[in-house]
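J.: After the sequence you'll find the predicted model.
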Amino acid sequence: MKRLITAALLCTVLASPAVAVAQEVPLKALGRFDGWRENALVGYGLVTGLSGSGDSRNSAVTRQALRNVLSRLGANVLPEDISSRNVAAVIVTARLPASANVGDRIDVTVSSVGDARSLAGGTLLLTSLSGADQQVYALAQGSLVVGGHQFEAQLNLSQRNYPTTGRIAEGATIERSVDARLVNGRGEIAFLLAEPDFGTAQAIARTIDARLGAGAATATDADRVTIRVAQDAPLAEVVSTIEALSVRPGRQYRVVVNERTGTVVSGADVKISPVAISQGDIRVTVETRNEGSQPSYVSGYATDIASLVISNTKLEVEEGRNDATVRYGTTTIGDLVQGLTALRVDTRRIISVLQALKTAGALHAELVVQ
C-alpha cells in the first residue's frame, strides 16, 4: 500500500503542468567563473591525548613520527621506547577558498590512517597543509570534535558512528593566499555552465549583451560563455552585475531512477513513442527442508549403523496479481506513470518498464540509473 501511495504521489508531480514551464533563475546558480574555485589541501600529522585508543605498537609509522616530533622539541628517544597507545597518525584535509586571505581560518577534517580505535578527546599537533604544487598554504592545530564513540571491555563492544574521523572548526590558519585570476591575457572572463547546453549558453550571452552592450558576450561552447571586459572597468562591479542577471535555462530531458529507494523523477513533458506494454511475472519458490533420522542404539555396539538425512522439497508457483497489458499512443512520462499507477503497478515495476522503454528506443530522454 505504501508503494502505491508513493507512486501516486510521483505521478501527481510528473503530471503537473507547472513543472514543464522553465522559470528564470539567477546566473550564479547555473555555473561559475573560470579561475574561481576551491583548492584541496592535505597534510600528515599526529593526534595526541587519546585514552588508550590510539595506534598500537605495530604501527611503525606512528612511532617514527612521534620520535621526530619529540626530537624537534629536544627529547631524544628510540623508536622501541615508544609504546603508548595515546597517539594516532592521521591525514588532515581541508578546502582552500579562492577568496581566502592570509590569517583567515578554515575547517579541517582529521582521519586515522593506522589501527586507532577512536580519536575522541584527541588534540591535533601542528600540521602543515599543502596543495597540489607541494606548497604550504595553511597550518592546522586544535582539539577534535568526533561525532561517535567506541568502548570495549571484556569482549563487549559499543560503537556509534565512526569515531576514527573528526573535525576541527576553524582549525587551520591560512598562511598563503591563492591568486585567483578571472581575466585572461586577452581581457576576457569566462562563465562555465554546470550543465552544458547550447541553448542555455546562447540565452546567457544574449542576456549579458542586453545589460553590457551588444557584442560583450559570446557563447563559444555548450559550457562556456566568453565575456569581454574593458580595461578601465572595475572587475568586481562587472562580475557582480553579471551574477545578478537571470535567464531561463534550457530543458534537460532526463529521467532519474533510484532503484534502491524506488524513486522516479522526470519532467512531465518527456515524450515516449507509441508503445504496447505487457507487465506481469510468475514467481517460483523452491523450498528444501532437511530432516535427520537418528537410530536408537548405544554408541560402540553397532559400528555399521549411521544417521540418515532426508530432504523434502516443496515447490510453489505464484502468479503476479497486478499483471497488465496496456497500449499508449504518443504521450509523456507523466501520462505513462499515471496510467500504470491506476492499474496498481508498484513503483519498482514502473522502473523496470522505464528501463525497457529506453532499451526499445521508445523513451526520448536520458535515463540515469542511480
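T.: Yep, it's here.
J.: now the strands: where do they sit in the stretch 251-370 of the chain?
T.: Using DSSP state E, counting those that start in this stretch, the strands of the stretch 251-370 of the chain run over 254-258, 263-266, 271-272, 275-279, 282-293, 308-319, 324-328, 331-332, 366-369.
J.: next one: the stretch 51-200 of the chain
T.: Using DSSP E, counting those that start in this stretch, strands in the stretch 51-200 of the chain cover 88-96, 105-112, 123-130, 136-143, 149-153, 156-160, 165-174, 188-193.
J.: Out of those, which gets nearest to Arg181?
T.: Closest to Arg181 of these, according to CB to CB: strand 188-193, at 9.6 Å. C-betas here are computed from N, CA, C, even on glycine.
J.: For that closest one, which strands pair with it and how are they oriented?
T.: Strand pairing for strand 188-193, using DSSP bridges, gives strand 31-33 (antiparallel), strand 224-228 (antiparallel).
J.: which residues touch Arg181?
T.: Gly35 (CB atoms under 8 Å, 6 or more residues apart in numbering).
J.: Any buried residues in stretch 231-247, and which?
T.: The neighbour-count check on stretch 231-247 (16 or more other CB atoms under 10 Å) flags 238-239, 242, 245, 247 as buried.
J.: In this protein, where is pLDDT below threshold?
T.: Residue ranges of the chain with pLDDT under 70: 1-22, 79-81, 148-161, 262, 268-269, 275-330.
J.: picking that back up, tell me which of the strands paired with strand 188-193 is the most buried.
T.: strand 224-228 (a mean of 20; mean count of other CB atoms under 10 Å).
J.: from the chain's centre, how far out does that strand sit?
T.: Chain-centre distance of strand 224-228: 30 Å, with CA atoms, centre = their mean, to the nearest Å.
J.: any idea which helix or strand comes after it?
T.: helix 235-243 (DSSP states H and E).
J.: what sits up against the helix or strand following that following helix?
T.: Counting by DSSP H and E, the next helix or strand C-terminal to helix 235-243 is strand 246-247. Outside strand 246-247, the residues that touch it by CB under 8 Å, 6+ apart are 24-27, 30, 200, 203-204, 207.
J.: what domains does the record give for this structure?
T.: Using automatic domain parsing, the domain parsing of the chain gives 2-19+254-282+321-369, 39-174, 182-247.
J.: Leu41 pairs with what?
T.: Counting by DSSP bridges, the residues bridging with Leu41 are Ala94.
J.: Pull up the gap between it and Val337, please.
T.: Distance from Leu41 to Val337, counting by CB to CB, to the nearest Å: 46 Å.
J.: who has more neighbours, these two?
T.: Neighbours per residue (other CB atoms under 10 Å) separate Leu41 from Val337, with Val337 holding more: 26 against 23.
J.: I'd say that one and Gly267 touch.
T.: No. Counting by CB atoms under 8 Å, Val337 stays clear of Gly267, with 11.9 Å between them.
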